[in-house]
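Student: the following block contains a protein sequence and its predicted model.
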Amino acid sequence: MFTVISGGTSTNELVNLFESISKSVSYILPISDNGGSTSELIRVIGGPAIGDVRSRITRLIPNSVYKHFFSYRLPEEEQQAEIEWNEIVSGTHQVWKNIELPIKELIRSFLIHIHMELLKKSRPGARNFNFAKASIGNMFLSGARLFVGSLDSAIELMLRICNIPQNTSILPCLSTNFTYHISAVLEDGSIITGQSQISHPISKTVKDQNFEISSTNGQNTPTPSSHTASSFNDYQMIRKLLIDNHERDNENEFAVPVYTHPELTKSQLHFTKDDSIPLPSPIRRVFYISPYGEEVFPVAQSRVINAVDSAETVVYSIGSLFTSIIPVLILQGMGQAILSKKRGNKVLLLNGSYDRETFTMTALDFVKHIHEALDYSMSLQNGKLSKTKRTKYRDFITHVFYPEQGEILVDADELAQHGIKGVPVKGQSTYDLDDLEMKLSIIHNKVLFTN
């Protein structure tokens, strides 16, 4: 069995390769990407970010009709988008063409459900839901999750409708009806709040008078950043007033929080996908935050831990290191699960080029940050940081695969000093897929035949 850790679109190009190597593949995906049309669903409805999950499912759909339907996006112009959405909900839009009537009515029932939920949230003169660029796959998953009360169940429903083989699993790293956000502390001490804000600069910057806090060694401390202007005392006063004036016990599991960190209220519907613009300073670490901006310590769901336990090969796949891979690794339970695998492969597929998050990093820097993330995961006990036993890089990574002519510096001898085998693969900014498949198959089959 292959267990692949990574969200985003980069790994989508490798799904056929993984499934040709192993009969059973589990994909573990983050649910913290608050960019694009997902940001509107989070703002109005709440709940987890399901863009990466939907993207991976649609890539796996074997039927071109269903792939087109669930990949369909509404127009960028807001009014035209709302007109098209109403046509889809009513069943008259051309996107329904060639979908069998029983399946159409099944899918449409969940789209009607999310439509009704959005209507409940609408108010005259308010900033209501913006349908521009909305993904039908995202709308379906959100409607199904709200109806059945479970993200996992909504995903399984979509997998079955689309006839994706049952030996392929799509696992959100957290099974939840709440929204989870991440922040990044940079080496210069500043903080960027929100996954989309970290990985993609927005097209138009709007300045807010707000504040952020970080947690160092378990202690909450005020941290200045390029976004902040208010004091930590202001934050404490606002938080107390909000808690005093709202019956938080009345919030159900689908509720949108009564207060949300100002950086998380900014629209991320329009952002640039140009990731060549580097961050102002390298990332020191990534952590989860509450709506107030405080550091929180979520626990990986049990199906994710089981997928790691049962895999012959665990792959940290290509994609954004700090926003696609590390949000999975820092969850409580992940470090211990990967450390406990005494047999099997733990493979890092190194990117072929830099992105916004990783400029100037070497292969060993990638290894170091993965090690630190998993060490952090193991240091959490009941939501508090504690000391943990010393671990080595090789405890979490056994192989680093890299394109021979890639942009990121790889010192195979340096990796070998840490007990990690460097495996060059033909390619430049991308891998030669035939060569990658052959070399991954060799190490995967070696484990299968020795078990």
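Tutor: Structure received. Numbers count the residues shown, from 1 in each chain.
Student: show the residue spans covered by the strands in the stretch 1-150 of the chain.
Tutor: If you assign secondary structure with DSSP state E, counting those that start in this stretch, the strands in the stretch 1-150 of the chain sit at 2-5, 25-29.
Student: which secondary structure elements does the shortest one contact?
Tutor: Where contact means 3 or more CB pairs under 8 Å, 6 or more residues apart in numbering; DSSP states H and E, strand 2-5 is packed against helix 15-21, strand 25-29, helix 302-310, strand 313-316. Quick note: C-beta positions are derived from backbone N, CA and C, even for glycine.
Student: sheet-wise, list the partners of it with their directions.
Tutor: Neighbouring strands of strand 2-5 in its sheet, by DSSP bridges, are strand 25-29 (parallel), strand 313-316 (parallel).
Student: tell me which of the strands of the stretch 1-150 of the chain lies nearest to Ala154.
Tutor: Taking CB to CB, strand 25-29 is the member of the strands of the stretch 1-150 of the chain nearest to Ala154, at 13.7 Å.
Student: tell me what angle that closest one forms with helix 302-310.
Tutor: Between strand 25-29 and helix 302-310, the angle comes out at 130 degrees (axes from the mean of the first three to the mean of the last three CA atoms, to 10 degrees).
Student: just the pLDDT for Gly8.
Tutor: Per-residue pLDDT puts Gly8 at 78.
Student: excluding chain neighbours, what is closest to it?
Tutor: Gly319 (4.1 Å; CB to CB, 6 or more residues apart in numbering).
Student: can you tell me the helix or strand for the one you found?
Tutor: Counting by DSSP states H and E, there is no helix or strand that carries Gly319.
Student: over to Ile198?
Tutor: Short version, using DSSP H and E: Ile198 is in helix 195-199.
Student: pull out the buried positions in that helix.
Tutor: Using 16 or more other CB atoms under 10 Å as the test for burial, helix 195-199 gives Gln195, Ser196, Gln197, Ile198, Ser199.
Student: swap in stretch 170-190?
Tutor: So stretch 170-190, judged by 16+ other CB under 10 Å, has buried residues 170-186, 190.
Student: the residue nearest to Gly8 against Ile5, yeah?
Tutor: No: the criterion here is CB atoms under 8 Å, and Gly319 misses it with Ile5 at 9.4 Å.
Student: more neighbours: these two, which one.
Tutor: Ranked by neighbour count (other CB atoms under 10 Å), Gly319 and Ile5 place Ile5 first, with 29 against 23.
Student: okay, and the beta partners of the more buried one?
Tutor: According to DSSP bridges, beta-bridge pairing links Ile5 with Ile28, Tyr316.
Student: ok, it to Arg285 distance?
Tutor: 18 Å (CB to CB, to the nearest Å).
Student: over to Leu186?
Tutor: 10 Å.
Student: likewise Lys67?
Tutor: In terms of CB to CB, Lys67 sits 37 Å off from Arg285.
Student: same deal with Ala184?
Tutor: 7 Å.
Student: so where's the stretch 201-350 of the chain shaky on pLDDT?
Tutor: 201-276 (pLDDT under 70).
Student: wait, what's in contact with the residue nearest to Gly8?
Tutor: Ser6, Gly7, Gly8, Thr9, Ser10, Thr11, Ile325, Asn351 (CB atoms under 8 Å, 6 or more residues apart in numbering).
Student: wait, doesn't the fifth one sit right on Ile318?
Tutor: Okay, so that is Ser10. Yes: the criterion here is CB under 8 Å, and Ser10 meets it with Ile318 at 4.6 Å.
Student: can you pull the residues that touch both of those two?
Tutor: Contacts common to Ser10 and Ile318, judged by CB under 8 Å, 6+ apart, are Asn351.
Student: so what's Val44 up against?
Tutor: Per CB under 8 Å, 6+ apart, neighbours of Val44: Leu118, Lys121, Asn128, Phe129, Val256.
Student: how much space separates it from Glu117?
Tutor: 9 Å.
Student: one step back: what would the strands paired with strand 2-5 look like in TSV with mean neighbour count and distance to Thr430?
Tutor: Shown next, in TSV, are the strands paired with strand 2-5 (neighbours: other CB atoms under 10 Å; distance: least, CB to CB, whole Å):
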stretch	mean neighbour count	distance to Thr430
strand 25-29	27	20
strand 313-316	26	16
